[in-house]
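**Q** Quick one: sequence and predicted model below, then my questions.
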Amino acid sequence: MAYEKKEQPEVNIGTAGHVDHGKTTLVYSLTGIWTSKHSEELKRGMTIKLGYADGGIYRCSNCPFPEEYQPLPECKECPSGSEPELLRRISYVDAPGHEILMTTMLSGAAIMDGALLVIAANEKCPQPQTFEHFKALEIIGIKNLIIVQNKVDVVSRERARESYNEIKRLIEGTWAENAPIIPISALKGANIDVLMAAIQKYIPTPERDLTKPPLMHIVRSFDVNKPGTPPEKLAGGVVGGTLSQGELKIGDEIVILPGMKVKKSGGREEYQAIYTEVTSLRFGEIEVEKALPGGLLAVGTKLDPSITKRDQLIGNVLTIPNNKLPIIDHIEMEYHLLERVVGAKEFITARPIQAKERLMITIGTALTKGVVERVSSNVIEISLSKPIVGISGSRAVFSREINGKWRLAGWGILKL
Ligand SMILES: Nc1nc2c(ncn2[C@@H]2O[C@H](COP(=O)(O)OP(=O)(O)OP(=O)(O)O)[C@@H](O)[C@H]2O)c(=O)[nH]1
Ligand SMILES: [Mg+2]
Ligand SMILES: [Mg+2]
Ligand SMILES: [Zn+2]
């Protein structure tokens, strides 16, 4: 079978923004998929874990701009039988907006190629997590941003204009000064075609290096078997993430690092690399023989599903055995501290970081606590409570606990 690149999603686009501003509703209007699935999420009406949904952007050659942009392979404007052309498949990563879930948003941001910052027009801008997520996207190094001004269906023309001016002031003089601002109603599906056109224009698929060894940051892992499946019928464990480079084929030998926690004598914890083989590759409903970078990939393996169940392997890195990656539990880097505490309602000036301070560190999709060993005005040394794969050039973002909540505090770039 000839490999067609368009079969798989090729770019990951994330949502960001304050709680309840309409991120999950937006992903639904782009894909038809409601990403919140867990009972707790449905009960509380909020995203708790990262959500994922794949969608396409199609263009109908018979329709004018912007109606030509469609989320489905059938044009809703034209007589049936019309066949809009698939431009791109996209994996959406839906982040939670609640302030206590900031570190979840950060690990999601690690796999975003571009982002949609959702800002509800019916609230004054910026709300605390509008600002905190905006900063986080900058720190993570997201270059391609679209600002989605949502809920325009419930505001007056005057308030819409005021909200637009507030957004303009937020981005003025920043990295995102030229980001487009697209007014929509996610709930009513209004102006989604214009947004899709903007996604095509402002969030291009990044260049990827296929010659490098495959590298996938794991964002979820599961046991796909129904309870009570007899052992001989059990499917192997599945890990999900996105390939940032290289390619992966069915039958490839792989290693997952740092791997599985094993208790050593004396109660000391150690991690053991997990070696296995790729048995299947899926993007949503699409099965492929070979996966390329981009898109949310689920990798089937020969592993005992008890190793992968319930997201146990989040934060691990999947690669091939002869790609030797260092495992580190200590980092030393130049760092930057945000001058003020973001994310809180009240205004707080950030005090300098101190030795012995406890931080939460996000590196790639890995999340670990750490203790500051040594700190100067520009260099910080942190010992991590859990080992991680050290990839030179990756960003380490740290959060500090302020009044019982982890707030985005600063960042540095790993040099090994
Ligand atoms: N009127 C109106 N309501 C909207 C719109 N978009 C979302 N909502 C409503 O806003 C509420 C929150 O929407 P969600 O999509 O869950 O918001 P979210 O940003 O994903 O929230 P968190 O995941 O908790 O951060 C729901 O009641 C939606 O129906 C819109 O365009 N117009
Ligand atoms: Mg909500
Ligand atoms: Mg949500
Ligand atoms: Zn059409």
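**A** Structure's in. What do you need? Owing to the predicted nature of the structure, the values given are computational and were not obtained by experimental measurement. Ligands and ions are numbered 1, 2, ... in the order given.

**Q** Can you name the residues that contact the closest residue to ligand 4 within the stretch 301-416 of the chain?
**A** Minimum separation of the stretch 301-416 of the chain from ligand 4 (Cβ to the ion) falls at residue 365, amounting to 39.3 Å. In this view, the C-beta of every residue, glycine as well, is placed from N, C-alpha and C. The contact partners of residue 365, taken as Cβ atoms under 8 Å, 6 or more residues apart in numbering, are 107-108, 110-111, 217-219, 241, 314-315.

**Q** can you rerun that using 6 Å?
**A** The contact partners of residue 365, taken as Cβ atoms under 6 Å, 6 or more residues apart in numbering, are 107, 110, 217, 219, 315.

**Q** farthest-separated two in those residues?
**A** The largest separation in the contacts of residue 365, counting by Cβ to Cβ, is between 110 and 315 at 9.8 Å.

**Q** Which residue, other than its chain neighbours, is closest to residue 21?
**A** Distances taken as Cβ to Cβ, 6 or more residues apart in numbering place residue 120 nearest to residue 21, at 4.1 Å, with adjacent residues excluded.

**Q** Walk me through the domains of this protein.
**A** Residue ranges for each domain of the chain read 9-200, 213-317, 325-413, as given by the TED database.

**Q** End to end on the first one, go ahead and measure it.
**A** If I follow you right, that is domain 9-200. The separation between the terminal residues of domain 9-200, taken as Cα to Cα, to the nearest Å, is 13 Å.

**Q** And the residue of the stretch 251-400 of the chain at minimum distance from ligand 2, its phi and psi?
**A** Checking the stretch 251-400 of the chain residue by residue against ligand 2 with Cβ to the ion singles out residue 343 as nearest, at 17.3 Å. Recorded main-chain torsions at residue 343 are phi 100, psi -20, according to degrees, to the nearest 10.

**Q** can you check residue 213 too?
**A** Per-residue torsions, residue 213: phi -60, psi 150 (degrees, to the nearest 10).

**Q** any idea how far residue 254 is from the residue lying closest to it once chain neighbours are set aside?
**A** Ranked by Cβ to Cβ, 6+ apart and with sequence neighbours excluded, the top spatial neighbour of residue 213 is residue 323, at 3.9 Å. Distance check for residue 323 against residue 254: by Cβ to Cβ, to the nearest Å, it reads 10 Å.

**Q** Please identify which of those two sits among more neighbours.
**A** Here residue 323 and residue 254 are set side by side on neighbour count (other Cβ atoms under 10 Å), and the busier one is residue 254, at 20 against 15.

**Q** secondary structure element for that one?
**A** Counting by DSSP states H and E, the element that carries residue 254 is strand 253-263.

**Q** packing partners for the helix or strand that that strand is followed by?
**A** Downstream of strand 253-263, the first helix or strand assigned by DSSP H and E is strand 269-283. Using 3 or more Cβ pairs under 6 Å, 6 or more residues apart in numbering; DSSP states H and E as the contact criterion, the neighbours of strand 269-283 among helices and strands are strand 253-263, strand 297-301.
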